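[1] The following block contains a protein sequence and its predicted model.
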Amino acid sequence: MGKSKWKGRNQRKDFKAKREDWWDPKITRRGKNEADGWSKHTVENEMFEEYYKEQGIVPEGQWDLFMTTLRTDLPITFRINGKGKFAETLQKRLEEDIFSKVKELRKDTCKPPHKLEWYPGGLAYRLDMSRNDLRKDPVLSQIHEFMKRENDVGSISRQEAVSMLPPLLLDVQPHHKVLDMCAAPGSKTFQLLEMLHAGEPTAPPTGFVIANDADFQRCNLLVHQIKRVCSPALVITTHDAAHYPYPKPRRREQQPLLDFDRVLCDVPCSGDGTLRKAPDIWSRWTPYDGNGNHNLQLRIALRACKVLKVGGRMVYSTCSLNPVENEAVVADVLRRVGGCMELLDVSDSLPGLKTRPGLKTWKVRDKDRWYSDWKAVEAFENEMGKGPSTIVDPTMFPDALSDAMPLERCLRLLPFDGDTGGFFVAVLKKVAPLGVVDYPTIEHRKSKKDKRNAPVSQHKAESRSAKPNDTMRADRGPPSSKDTTAAGVPSSVEVRDGEVSCTEAEPGQPSSTTRAEEPKGEPADGTCGDVKPPALVDKEEREAAGSQYGSVDQAADGGGEIGGKKGGNVVMEEAGAQPIAVAEKEGAQWVRSPNHKQGKWPGVDGIFTMDDHWMVKQVQQFYGIDAVDLSAHLITRANSNDAPRKIYFVSKAVRDLLDVDAENFLRMPVLGLKMFDRHYQTSTGIPCVYRLSQEGLPVILPHITKQVVHLHVRDMLRVLEERSVPLPRDLPDPGFPEGKEAELNFGTPKSPILDDQATLEQLKVTQHGGCVLMLRDEQAVALGLPLSSEAKGGLTANCPVAVACWRDRLSLNVMVKKPECLVFAERLREGMARAGMPEASRPTGGSSAEKSGCGLEPGTDGKGVTCMDEDGAEDVGAKKREHEGLEGTGDRVGRAEREKKLKSDHE
Ligand SMILES: C[S@@+](CC[C@H](N)C(=O)[O-])C[C@H]1O[C@@H](n2cnc3c(N)ncnc32)[C@H](O)[C@@H]1O
């Protein structure tokens, strides 16, 4: 509350100060909702201009161009995900069907879309038009529609051009263990995963990606973003990156248990490189924003060096123009690690990309003065008897050592060079293990220590120690990102006799340099936009967020320690009456992942592997999955006697990671893909209570040999629209429990929708339970859509059109959310239009409706025709639609027309 009060005051102050400029188009810019005219942002900030002129980030003579560019909208950029045939087809479609129209019809009013020449494979595009243009213009709106739809299914990613750079420069290979230290909202994680899955479709990646973010709430964004990739090789962790767990081997000479081939540090920063897309930053920007972020950035970067393998690569990036957040951090990392890290020259690795070299000199700004080096700070303190009024640390300055470093190898991206945002990126390689390294600039810190001993600083320190947080710090357990020494030394660095050792702070332990007798420095957390510093995410918030991940299982399935044992492989006998068929099985056993105890991380469920579980064998048999041993891949988050509601699939590499992390160092709210859902089902005796989850289909589809029904495209369209379609009454239902039929009330017979003979033949051998409906291969070819054999097992967009279903006695029920169904339907329609296939005509083969006298049973009690949503809950809307019969669905006119056409086709 307090925060918003101050925010409000500042805004009012800003408004008064700039009132006369408010409508001046030269210095104001419209915000997102242009229509209402209220959202104008000031695009002036004298301090900004003064600061960056002094820092010399822009070459002489280009200042005006720099400022003008910053005041214009950022062009729209996106990239086509993945590669191979599907990406090629999509690109062809985009260029031939959509872009060519824009070039032809709007050549006078807007620049034609073009490729980002530096992006590999020419798969990224830039559109020099605003979002409003895209939405309002009827021709351009086609691009908008295309982008929206394809972005949702994961075939394209809307991403700022400069933000595509760090993953590209990280050079991820399918066998790499990758850590994205500050990952939310996840645009770069998506790219990393895509690179991980870029190998052969038949060879799934042997590496994995860990996406970490300290902010639990923001992990939600991460989940949403990367859902589009469908990767069993992804793990989400939530740790302060500056203290990322680094489990040590038992003996010194052993290899580290967990180190990474690639680490991305896209650290929190002041974000002034994003002024073009976030103009609200203009009014709140101050020259010392960067100073507050520097320390955290440094600690995260040093931790990245620590967890990196020798020979591994690390990318440090920010969307800030400020050298204190950029070159100063890289320089201090290099100082501290001696020769263990090498700054790589990657300026030629993306031909066509215009970059500027990193700065060699810069200054540090306090509230009211500039300092060119640390000595100037000390001189000021001696003269005035008080220190700088904002955070100024010795690590922020260039010095003789940094002069000798090849800092020009860092890449700066200025907005006017490539019509992008501002960005900074540095690529480092670990060439030797970090140990005790020389730190010749120790003098700086000595001076800082002297300063702390000075009377004024003492006073400052005392006043700080009076704050409740600091008095608690000595006995506070887990370190927060605010743990730092007053000298600004990263807490992971220990200084002894002029030498610095980079030692890792274990999770849950205060860092080695956080000593109780030392006064603590100012908090140096950085935030990006509205990002809350992790230390501010309080316990309740964390717990609330935690409940979103995995705790659903817990709620549904009950909790408690399995067998009351801790550690080791705990085997539990199934006990008690079960509401579903599970209870009928004997000798059910749970094998629990050793040491993954529930409760180590509050708010995050434990992880339980399902080795040799009878349930795994059941699903394996039911779906004919022979080529993969599911027991080596399946996990659940539920610790209960009951069958878990959700079963997740993890790659072999992630499974190995779980074994490495036997001590539960990592806090993993999310991992793997949801593969099976327990179906809501009241009748006992059906062969398998688990249905396939849509999310897991792209991965498991190539391995399923049973329960797959191939549909004609028009039936597929109908199924996607209706989501629950009736089957002929006389169609055999192989898995339906004997003697249960008498309980069903078949109701008044109605025309079935699904009556294609070839489909019905397949359904005769499809058992009651989970199944997959797929587009027939020959039609996928005709429509230019991916085939099942071409599925990459990664990107949803590359997956054939397939939906997870539940086969009931008299109906097929789609278990996918309606919006997702509509996106699939739209893709089919587009393909049909391209292939010149009329939508309303029916497949040949004849309807069996007339032959068999099939029926629909409105008003059943859910046993014959159960209409359920994708969570297995009853879908009342769908049931109602069924009562209304064929005409009772959304698109009444379209439906009626189709039925008419269908009749005439049959005739
Ligand atoms: C610049 S954003 C990252 C953007 C992201 N890499 C992407 O491409 O979408 C910085 C992120 O760092 C997170 N963060 C802030 N402090 C952190 C810390 N100490 N450890 C880990 N993450 C942190 C913030 O929650 C924020 O999501």
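    Cool, the structure landed.

[2] How much space separates L630 from H613?
    Distance, L630 to H613, using CB to CB, to the nearest Å: 9 Å. Backbone N, C-alpha and C define where each C-beta goes, glycine included.

[3] I should have written Q297 there, sorry.
    45 Å.

[4] So if I had to pick from these two, which one is more boxed in?
    Set side by side, Q297 and H613 show more neighbours around Q297, with 31 against 21, by other CB atoms under 10 Å.

[5] mind checking the SS state of that one?
    Under DSSP: H, G, I helix; E, B strand; the rest coil, the three-state class of Q297 is helix.

[6] right, and it touches C269 too?
    Yes - using CB atoms under 8 Å, Q297 is in contact with C269, at 6.9 Å.

[7] got the residues of the chain near the ligand?
    163, 181-188, 213-215, 218, 240-242, 266, 268, 296, 481, 528, 531, 534 (CB under 6 Å from any ligand atom).

[8] Let's see which of those end up in strands.
    Counting by DSSP state E, these place D266 in strands.

[9] what residue ranges in the stretch 551-700 of the chain score low on pLDDT?
    551-599, 612, 639-642, 681-684 (pLDDT under 70).

[10] List every C-alpha atom in stretch 168-182, with coordinates, as PDB.
    Coordinates of each C-alpha in stretch 168-182 appear next as PDB, following Å, rounded to 0.1, in the frame of the first residue of the first chain:
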ATOM      1  CA  LEU A 168      21.700 -17.800 -30.300                       C
ATOM      2  CA  LEU A 169      25.000 -16.800 -28.900                       C
ATOM      3  CA  LEU A 170      24.800 -19.500 -26.200                       C
ATOM      4  CA  ASP A 171      24.900 -22.100 -29.000                       C
ATOM      5  CA  VAL A 172      22.800 -24.800 -27.300                       C
ATOM      6  CA  GLN A 173      23.200 -28.400 -28.500                       C
ATOM      7  CA  PRO A 174      20.700 -31.200 -27.800                       C
ATOM      8  CA  HIS A 175      23.100 -32.900 -25.400                       C
ATOM      9  CA  HIS A 176      23.700 -29.800 -23.200                       C
ATOM     10  CA  LYS A 177      22.600 -29.200 -19.700                       C
ATOM     11  CA  VAL A 178      21.400 -25.700 -19.700                       C
ATOM     12  CA  LEU A 179      20.500 -23.300 -16.900                       C
ATOM     13  CA  ASP A 180      18.500 -20.200 -17.500                       C
ATOM     14  CA  MET A 181      19.100 -18.300 -14.300                       C
ATOM     15  CA  CYS A 182      16.500 -15.600 -14.500                       C
END
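
[11] What residues of it count as buried?
    Using 16 or more other CB atoms under 10 Å as the burial criterion, the residues of stretch 168-182 that qualify are 168-170, 172, 174, 176-182.

[12] quick one, domains of this protein?
    76-159, 163-535, 568-678, 695-906 (automatic domain parsing).

[13] Least reliable of the ones you listed by average pLDDT, please.
    Across those, the stretch with the lowest average pLDDT is domain 695-906; it has a mean of 67.

[14] Was I right to think V307 contacts Y246?
    Yes - using CB under 8 Å, V307 is in contact with Y246, at 5.4 Å.

[15] re the thing from before, max pairwise distance over the buried residues of stretch 168-182: which two?
    P174 and C182 (23.5 Å; CB to CB).
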